[in-house]
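**Q** Sequence first, predicted model second:
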Amino acid sequence: MKKRILAGIAAVAILIPSAAFAASYLADDIFGSAATIEQRGGTQEDYQEIEGMLQEAQGKLTEDEFKEYMELTKQLMQLKLKITNENGVKHEEKLSKEEQQQFEQLASKLAPYFEKINGSSKP
């Protein structure tokens, strides 16, 4: 009986930390992987910083707010990736008029979330 309990404790001690490593990043939901950021002049540290901001948002927003925040952020980041070259330089002129309007609308919709997360309306 003691052997089974000890085996169970050992299994839990091994499985819990390995589950933490297997957990996906919130940033992966937006970018797919860190490689996407690196292709646009970013670094792994930039990716980790974004992940930290997303986790902070998850902690400060309600579940529904966070779901909406993630969807809006994903759309905004897709536009930002479209205008950012491999050196990290943004070329806003690459956006069509419609995309520019969409960009502004997304930033406007995200502003209340940014205020709730960190007191600033800047995305």
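**A** Now that the structure is in, tell me what you want to look at. Residues are numbered from 1 along each chain as shown.
**Q** For Asn85, which non-adjacent residue is closest in space?
**A** His91 (6.6 Å; Cβ to Cβ, 6 or more residues apart in numbering). For the C-beta atoms, the positions are set from N, CA and C on the backbone; glycine is no exception.
**Q** and the one you found, how many neighbours?
**A** By other Cβ atoms under 10 Å, the residues close to His91 number 10.
**Q** Just the local confidence number for it, please.
**A** Looking at His91, its pLDDT reads 84.
**Q** Touching, it and Ile83? I think so.
**A** Yes. Contact criterion Cβ atoms under 8 Å: His91 and Ile83 qualify, at 5.2 Å.
**Q** how about low-confidence regions in this structure?
**A** Across the chain, the ranges flagged by pLDDT under 70 are 1-23, 120-123.
**Q** one more time with 80, if that's ok
**A** By pLDDT under 80, the weakly predicted segments of the chain are 1-24, 119-123.
**Q** Could you say which helix or strand holds the residue most central in space within it?
**A** The centroid of the chain falls nearest to Ala27 when counting by Cα atoms, centre = their mean (3.0 Å). Per DSSP states H and E, Ala27 falls inside helix 26-31.
**Q** Centre of the chain to that helix, how far?
**A** 5 Å (Cα atoms, centre = their mean, to the nearest Å).
**Q** For it, name the packing helices and strands.
**A** Contacting helix 26-31 under the criterion 3 or more Cβ pairs under 8 Å, 6 or more residues apart in numbering; DSSP states H and E are the following elements: helix 44-60, helix 63-83.
**Q** mind putting these in CSV, mean neighbour count and distance to Pro112 included?
**A** Formatted as CSV, the helices and strands packed on helix 26-31 follow (neighbours: other Cβ atoms under 10 Å; distance: least, Cβ to Cβ, whole Å):
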stretch, mean neighbour count, distance to Pro112
helix 44-60, 15, 12
helix 63-83, 16, 9
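**Q** export these to CSV and tack on distance to Gln105?
**A** Converted to CSV, those look like this (distance: least, Cβ to Cβ, whole Å):
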stretch, distance to Gln105
helix 44-60, 19
helix 63-83, 9
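**Q** Mind checking those helices for the one nearest to Ile117?
**A** Of all the helices and strands packed on helix 26-31, helix 44-60 sits nearest to Ile117, with 5.0 Å by Cβ to Cβ.
**Q** I'm done for today, thanks for sticking with me.
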